[in-house]
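Q: curious how this folds, go ahead:
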Amino acid sequence: MEIPVYVFTGFLDSGKSTFLQSTLEDKRFNSGERTLVLLCEEGEVELDSSRFSGKNVTGEIIDDPSLFSPEYLPALQKKSRAQRVMVEYNGMWLLNDLYDKMPTNWIVYQEMMFADSGTFLSYNTNMRNLTVDKMQGAQLIVFNRAQKGFDKMAFHKIVRGVSRRAEIAYEYSENDVEYDDIEDPLPFDKEAETIAVTDMDYALWYRDLSEELSSYDGKKVRFKGQVVVDRSIPDDAFIVGRQLMTCCVDDIQFAGLICEWGRRSELVNRMWVTVEASISVRKHPCYGRVGPVLSGISVTPASAPEEEVATFY
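A: Numbering: from 1, shown residues only. The predicted structure follows:
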């Protein structure tokens, strides 16, 4: 049986507990379904089951991420006979600590991040890897305790540097919420005959390609990248991409795409090239799943970009 999972993230005192409480008090959401609530940190607000029908809700404290295991989590669900799971997540833990250990039938239906607008910028400066971790998968990011007239653009840019899909909300009071409507056009023209991606926009393009894959099917693109060839790649193809940094040096990873090209023998590992190619969305052995497959139109040697590591800023 598929178990829906609702994950609420954010740092201590960011409003997660308050939202969890109000959600369980809402009869439109809590109409008697057996619910397992995993409480991963102790905040100022404690869950008060007297304010909702608590008989169907089982709370379990998880005070160490090592408790997330393929054995322990199903045991908790079985004991509570839960039909769904809600997680108030510890802001100091990485989400993969949970997601890598979840049972295969636990499906994340919604992930929301909460942040105190008065402290978020400081957290983002000093613990960037943790804020990025919470923003990149969230469908909704709520900045609460906001003050009228504050600089929303600073918050908007930080979120959009990580995710273009997340909705952003600014909560001034319990009944006064404003949704972000700042237009954020892409720095390249997706409707052009050939999408021209500049060196500085590779990270934004790669993320948009990942998030809006179907919209690129049949498109043509031109960009600069580094060649990867090895025995695991078919003889008529190579991987082209760039090192990409999301938040800090520690998270740099290669963001590449498979490119079918009959003249691969002319290419040398790690050389820089300018690729013009058409994109088809289909399954490829190198991905092991459906993904963007480039069909090379031209592949020409190029000089390295001024900044070899692509970033979102």
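Q: so where is the stretch 151-300 of the chain shaky, pLDDT-wise?
A: 247-250 (pLDDT under 70).
Q: quick one: the helices in it?
A: Assigned by DSSP state H, counting those that start in this stretch, the helices in the stretch 151-300 of the chain fall at 152-160, 202-211.
Q: what number of residues lie near residue 209?
A: Here the count is done by other Cβ atoms under 10 Å, and residue 209 has 22 residues near it. Yep, even glycine has a C-beta here, placed from its N, CA and C like the rest.
Q: in the protein, which spans are strands?
A: 3-9, 35-39, 57-61, 84-88, 106-116, 140-144, 167-173, 176-179, 195-196, 220-228, 237-244, 253-260, 272-284, 289-301 (DSSP state E).
Q: list the buried residues of the last one.
A: This means strand 289-301. 291, 292, 293, 294, 296, 299 (16 or more other Cβ atoms under 10 Å).
Q: could I get the strands of the chain in JSON lines, plus columns for distance to residue 151?
A: Below are the strands of the chain laid out as JSON lines (distance: least, Cβ to Cβ, whole Å):
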{"stretch": "strand 3-9", "distance to residue 151": "23"}
{"stretch": "strand 35-39", "distance to residue 151": "34"}
{"stretch": "strand 57-61", "distance to residue 151": "38"}
{"stretch": "strand 84-88", "distance to residue 151": "29"}
{"stretch": "strand 106-116", "distance to residue 151": "15"}
{"stretch": "strand 140-144", "distance to residue 151": "11"}
{"stretch": "strand 167-173", "distance to residue 151": "11"}
{"stretch": "strand 176-179", "distance to residue 151": "14"}
{"stretch": "strand 195-196", "distance to residue 151": "32"}
{"stretch": "strand 220-228", "distance to residue 151": "33"}
{"stretch": "strand 237-244", "distance to residue 151": "28"}
{"stretch": "strand 253-260", "distance to residue 151": "31"}
{"stretch": "strand 272-284", "distance to residue 151": "38"}
{"stretch": "strand 289-301", "distance to residue 151": "36"}
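Q: and of those strands, who's closest to residue 311?
A: Each of these was scored for nearness to residue 311 using Cβ to Cβ, and the closest is strand 237-244 (7.5 Å).
Q: how far is that closest one from where the chain is centred?
A: Mean C-alpha position of strand 237-244 versus that of the full chain (Cα atoms, centre = their mean, to the nearest Å) differs by 21 Å.
Q: ditto for stretch 202-216
A: For stretch 202-216, the separation from the chain centroid amounts to 13 Å (computed by Cα atoms, centre = their mean).
Q: please point out which parts of it sit buried.
A: Residues 202, 203, 204, 205, 206, 207, 208, 209, 216 are the ones in stretch 202-216 that count as buried (16+ other Cβ under 10 Å).
Q: among these, which two are most distant?
A: Farthest pair in these (Cβ to Cβ) is 203 and 216. Separation: 15.9 Å.
Q: that older thread, closest to residue 82 among the buried residues of strand 289-301?
A: residue 291 (34.4 Å).
Q: not counting sequence-adjacent ones, nearest residue to that closest one?
A: Excluding the flanking residues, the one nearest residue 291 by Cβ to Cβ, 6 or more residues apart in numbering is residue 284, at 6.2 Å.
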